[in-house]
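Colleague: model this:
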Amino acid sequence: MCTKTSVALLFVAGALPGVAFQSDKADRLSSVKGIVTNAVTGERLRKAYVRLGWNPNYAAVTSDQGRFSIEKIEPGAYSLEAERPGFLRSVVQLNLAAGQSLSDLAIALMPQASIAGRVVDDDGDIWNHATVYLFRSVRKQGRRQLENAGQNSVDDRGEFRIADLPPGKYYVVAEPESGWQNRFGSARSDGFLLQPTWYPGSIAEEAAAPVTLTAGQEFAGLEIRLRRGAVRNIRGHLSGFSQIPKLPGQSPFGKPMLWVSRPTSWAEGLNYTGSMQSGDAFEVTAVPPGVYQLKVTEGFPQQIVLGRATVQVDDRDVTDVVISLQAPRSIKGKITIEGDKAVDVSKLYILLDSGQNQTPQEDGSFVFEQLGVGPHRIDVNGKRDDDVYLKTVRFGDTESQNGTFALAGGAEGNLELVVSTHGARVTGTVQKNNGAAAKRTVAAVLIPDTSDPEKREFLKQQAMLDQNGSFTIHAIPPGSYLLYAAEDVPEGAWTDPDFLHEIESKGMKLQLGEGEIKSIEVPVLGNAEVAPILSRLGIE
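Modeller: The predicted structure follows:
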């Protein structure tokens, strides 16, 4: 009996340290509980899917009462995503401390809107060879543009439906398939062809009328009657075509691709079709008068630009256009670290706007393979706490502080990137007028205090607020800035000079030095103040 008791006591004594360790680990884990509702009606939503970060263990589905619970979460910063069929996805930033139990998180999902209708030809008959595009008005570098917000092909009845849309104003255009019209001789003898037509019925973008959607609205019955217009052709050849090597394993098309767009157009993403003919000849058919940008690329899925040309089309075909091609090149580069902070260069990430990204070697060297002509924009990212920023870019004899370099004209040289470890940092809390911390409807935006729209767009930084209304903006180059916290401001407005002039006095001016850290409270620029300004400037 004594022996059994001794064994039992020894077993318990041996287990106690492990129990204490497990208890300590459990004490540092966090949890999140909350409710998902309809943002318009307040109704609790069942079967909404909630995910915290990328860990599949941090996921849940809401109950019949709209409740969810995620347990045993490692402390840290997370993006919490919530979605449900018929609603727009929502993202909430959370910062969870060790042992924190967040039990009252409220997530409101906005019901999706949709647009449905049909496309008919100029006689009012069904037209089923078209694509319908939606555009939203934005500002880029101080200029109004229409940005693609969705698209869908019409079905056999000429009907279309585009869903998963947030509330707002949309411009709708139906683009008939010009290749189909050409194959079936649809162009009349006078050279007129069905053209991309903007709702309610105009070839001119400027005459397009917006369709305003409210949250959850199903806008049906929209009809676009295609208009006919004069069309012309562009023909020419590619100079230097025989010197361009085929990129092995990249292009399933077997030859370069020709892309045609209108650089003066408001509508980004509405393009025309060009085709390569025998040898080095090309042709662009059935385009209305206007200015066109021709771009020749090779490679798939990454498209390498080989050459460009700009063409003016008036009242006749344009022939003998020559596009000079330049073979893609490999560019060697090196990152130099400036500053006394220890940074693992091999952990930095070099991003190129063409989609080609690199991680440098331990000595900072890297190679970009097969770069095409034209301007390129480059950036360097590190870990959040590194506060590294790209200070200068040098290629050949040209130096840039806005992250750009160009290979046009056969420029030679290596790419030299100077990265500073002394980026500034701004942390703060956004406060509403009643003193309470603002939540998810507000964004904190840091904008360079400059009249240069390109610099504003490149260096602008935006931070999402966490559940406490707090934010942090890292890796800020030294300089003068304006800091805003605002509700419901369209993304493109932040680079519009007229909008910034209107709200300049409402922002906080900051002068940030190398490595400086500032903690501040930022008042909210509310919808009641912003909406009249946006309306007056025609920003949607």
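
Colleague: So which bits of the strand or helix carrying residue 103 are buried?
Modeller: Using DSSP states H and E, residue 103 sits in strand 101-109. Of all the residues in strand 101-109, those buried under the rule 16 or more other C-beta atoms under 10 Å are 102, 105, 107, 108, 109. Quick note: C-beta positions are derived from backbone N, CA and C, even for glycine.

Colleague: just checking, residue 225 touches residue 121?
Modeller: Yes. If you go by C-beta atoms under 8 Å, residue 225 and residue 121 touch, sitting 7.5 Å apart.

Colleague: hmm, who's touching the strand holding residue 103?
Modeller: Residues from elsewhere that reach strand 101-109 (C-beta atoms under 8 Å, 6 or more residues apart in numbering): 30-39, 45, 48, 50, 80, 82-84, 87-90, 92, 94, 96, 467.

Colleague: again, only this time at 7 Å
Modeller: With C-beta atoms under 7 Å, 6 or more residues apart in numbering as the test, strand 101-109 has contacts from 30-39, 45, 48, 82, 84, 87-88, 90, 92, 96, 467.

Colleague: quick one: which of the residues you listed sit in helices?
Modeller: Using DSSP state H, no member of the contacts of strand 101-109 sits in helices.

Colleague: List buried residues within these.
Modeller: Among those, the ones that count as buried by 16+ other C-beta under 10 Å are 30, 32, 34-39, 45, 48, 82, 84, 87-88, 90, 92, 96, 467.

Colleague: so of the residues you listed, which ones are in strands?
Modeller: 30, 32, 34, 35, 36, 37, 38, 82, 90, 92, 96 (DSSP state E).

Colleague: residues touching the fourth one, list them.
Modeller: When you say that, I think you mean residue 35. Contacts for residue 35 were tallied using C-beta under 7 Å, 6+ apart; they are 44, 66, 67, 106.

Colleague: What's the ChimeraX syntax to select whichever of the residues you listed are buried?
Modeller: Buried residues among these (16+ other C-beta under 10 Å), as a ChimeraX selection:
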select :44,66
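
Colleague: how long is stretch 397-404 end to end?
Modeller: 13 Å (C-alpha to C-alpha, to the nearest Å).

Colleague: Residue 316 contacts residue 232, correct?
Modeller: Yes. Contact criterion C-beta atoms under 7 Å: residue 316 and residue 232 qualify, at 6.4 Å.

Colleague: So which of these two has more stuff around it?
Modeller: When residue 316 and residue 232 are compared for neighbours, residue 232 comes out ahead with 18 against 10, by other C-beta atoms under 10 Å.

Colleague: how close does that one get to residue 94?
Modeller: As for residue 232, its distance to residue 94 is 57 Å (criterion: C-beta to C-beta, to the nearest Å).

Colleague: Quick check: the two most widely separated of the ones in strands among the buried ones among the contacts of strand 101-109?
Modeller: Greatest spatial distance among those (C-beta to C-beta): 30 and 38, at 27.4 Å.

Colleague: Give me the nearest residue to residue 221, chain neighbours excluded.
Modeller: residue 117 (6.1 Å; C-beta to C-beta, 6 or more residues apart in numbering).

Colleague: tell me the SS of the one you found?
Modeller: strand (DSSP: H, G, I helix; E, B strand; the rest coil).

Colleague: go on, residue 315?
Modeller: Assigned with three-state DSSP, residue 315 falls in the coil class.

Colleague: Find me the pLDDT at it, would you?
Modeller: Looking at residue 315, its pLDDT reads 85.

Colleague: Domain map for this structure?
Modeller: For the chain, the structural domains run 29-109, 113-230, 232-324, 329-420, 424-537, going by automatic domain parsing.

Colleague: Ends of the longest one, what's the gap?
Modeller: This means domain 113-230. So domain 113-230: terminal residues 36 Å apart, C-alpha to C-alpha.

Colleague: now the strand holding residue 103: how far from the chain's centre is it?
Modeller: Distance of strand 101-109 from its chain centroid, counting by C-alpha atoms, centre = their mean, to the nearest Å, is 27 Å.

Colleague: Please apply the same query to stretch 216-231.
Modeller: 27 Å.

Colleague: What of stretch 100-119?
Modeller: 20 Å.

Colleague: Take it and give me the span from its first residue to its final residue.
Modeller: 55 Å.

Colleague: which helices and strands sit right next to the helix or strand containing residue 475?
Modeller: Assigned by DSSP H and E, residue 475 belongs to strand 470-476. On a contact count with 3 or more C-beta pairs under 7 Å, 6 or more residues apart in numbering; DSSP states H and E, strand 470-476 meets strand 424-431, strand 442-448, strand 461-464.

Colleague: between it and strand 424-431, how big is the angle?
Modeller: What separates the directions of strand 470-476 and strand 424-431 is an angle of 160 degrees, with axes from the mean of the first three to the mean of the last three C-alpha atoms, to 10 degrees.

Colleague: next SSE after strand 470-476?
Modeller: According to DSSP H and E, the helix or strand after strand 470-476 is strand 479-487.

Colleague: who does that next one touch, helix- and strand-wise?
Modeller: With contacts taken as 3+ C-beta pairs under 7 Å, 6+ apart, strand 479-487 sits against strand 442-448, strand 508-512, strand 517-523, helix 527-537.

Colleague: mind redoing it with 6 Å?
Modeller: Counting contacts by 3 or more C-beta pairs under 6 Å, 6 or more residues apart in numbering; DSSP states H and E, strand 479-487 packs against strand 442-448, strand 508-512.

Colleague: all helices for the chain, in order.
Modeller: Using DSSP H, helices in the chain cover 2-28, 178-183, 453-459, 497-503, 527-537.

Colleague: For the stretch 151-300 of the chain, just list every one of the strands.
Modeller: For the stretch 151-300 of the chain, the strands defined by DSSP state E, counting those that start in this stretch occupy 159-165, 168-176, 192-195, 197-198, 211-213, 218-225, 227-230, 232-239, 257-261, 272-276, 281-287, 290-298.

Colleague: any weak-confidence spans in the stretch 401-540 of the chain?
Modeller: Residue ranges of the stretch 401-540 of the chain with pLDDT under 70: 408-411, 432-442, 491, 540.
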